[in-house]
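**Student:** Any chance you can model this:
(2 chains)
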Amino acid sequence: DTGVSQNPRHKITKRGQNVTFRCDPISEHNRLYWYRQTLGQGPEFLTYFQNEAQLEKSRLLSDRFSAERPKGSFSTLEIQRTEQGDSAMYLCASSPWTDSYEQYFGPGTRLTVT
Amino acid sequence: AQSVTQLDSQVPVFEEAPVELRCNYSSSVSVYLFWYVQYPNQGLQLLLKYLSGSTLVKGINGFEAEFNKSQTSFHLRKPSVHISDTAEYFCAVDAQGGSEKLVFGKGTKLTVNP
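**Tutor:** Numbering: from 1, shown residues only, chains lettered A, B, ... in the order given. Model (predicted):
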């Protein structure tokens, strides 16, 4: 069990560019969550998947954001036309089954938009 | 909608002293409650959770928390802290009493001084 991994760990991009982050959950975890954390705040829910199905999206997730989990394993989060307000830590978590109530978090991807 | 208030943004204590980190929540439905810890440059780690049953919950690293429904609180305690407990602590509530989508507080930075 190697834990949840996220790549890249850091990303610096210019405003208007597209970025994509990857999350590899713990093997066989069927739920996967994305959160966003800004400085001085707790993580905020963005979206989650059960296997390959995206079950819920937060109002925080504008049309510029899209997430996928094509085969029910790894997931990607893409941000199009980045804005300075997108600068944050993007966290991924996975959980082993419904009703486990134990989310295992990755180290996060820190995005800086200049 | 559910929300979480962590009453102290920073708590400095001396090593071997007791500590209490305060958390209050608001919810119109039954809730599940959690405490997570975040060490520098690491992902969030679950300390403990309250789902049902005994209101005193014991977690890892000697931490415990007490669920108080009448006061809508879930304070985290440790009788004797170590330098290694220095970290940020987040209280969280399950947003819909079963969806496993977490709503986090803003966090409390615990600093343990020698």
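
**Student:** so what's B:H75 bridging to?
**Tutor:** Per DSSP bridges, the residues bridged to B:H75 are B:E66.

**Student:** show me what contacts the residue nearest to B:Q71 when sequence neighbours are not counted?
**Tutor:** On the basis of Cβ to Cβ, 6 or more residues apart in numbering or on different chains, the spatially nearest residue to B:Q71 that is not a chain neighbour turns out to be B:N24, at 7.6 Å. C-betas here are computed from N, CA, C, even on glycine. Neighbour list for B:N24: B:V4, B:T5, B:L7, B:Q71, B:T72, B:S73, B:F74 [criterion: Cβ atoms under 8 Å, 6 or more residues apart in numbering or on different chains].

**Student:** Out of those, list just those in strands.
**Tutor:** Using DSSP state E to define strands, the subset of the contacts of B:N24 located there is B:V4, B:T5, B:S73, B:F74.

**Student:** any idea of the pLDDT on the first one?
**Tutor:** What the model reports as pLDDT for B:V4 is 94.

**Student:** show me what contacts the nearest residue to it once chain neighbours are set aside?
**Tutor:** Counting by Cβ to Cβ, 6+ apart, B:V4 lies nearest to B:G105, which is 3.9 Å off, once chain neighbours are set aside. Under the criterion of Cβ under 8 Å, 6+ apart, the contact list for B:G105 reads A:G42, B:V4, B:T5, B:Q6, B:C23, B:F90, B:C91, B:A92.

**Student:** end to end, how far does stretch A:55-66 reach?
**Tutor:** Separation of the first and last residues of stretch A:55-66 by Cα to Cα, to the nearest Å is 13 Å.

**Student:** now do stretch B:64-81
**Tutor:** End residues of stretch B:64-81 are separated by 12 Å (Cα to Cα).

**Student:** again, but for stretch A:40-47
**Tutor:** 21 Å.

**Student:** List the buried residues for that stretch?
**Tutor:** Applying a neighbour-count criterion of 16 or more other Cβ atoms under 10 Å in any protein chain shown, the buried positions in stretch A:40-47 are A:G42, A:P43, A:E44, A:F45, A:L46, A:T47.

**Student:** from chain B, which residue is nearest to chain A?
**Tutor:** With Cβ to the nearest Cβ, the shortest gap between chain B and chain A falls at B:F104, namely 3.1 Å.

**Student:** Just give the nearest non-adjacent residue to that residue, would you?
**Tutor:** For B:F104, the spatially nearest residue (Cβ to Cβ, 6+ apart) is A:G42, at 3.1 Å.
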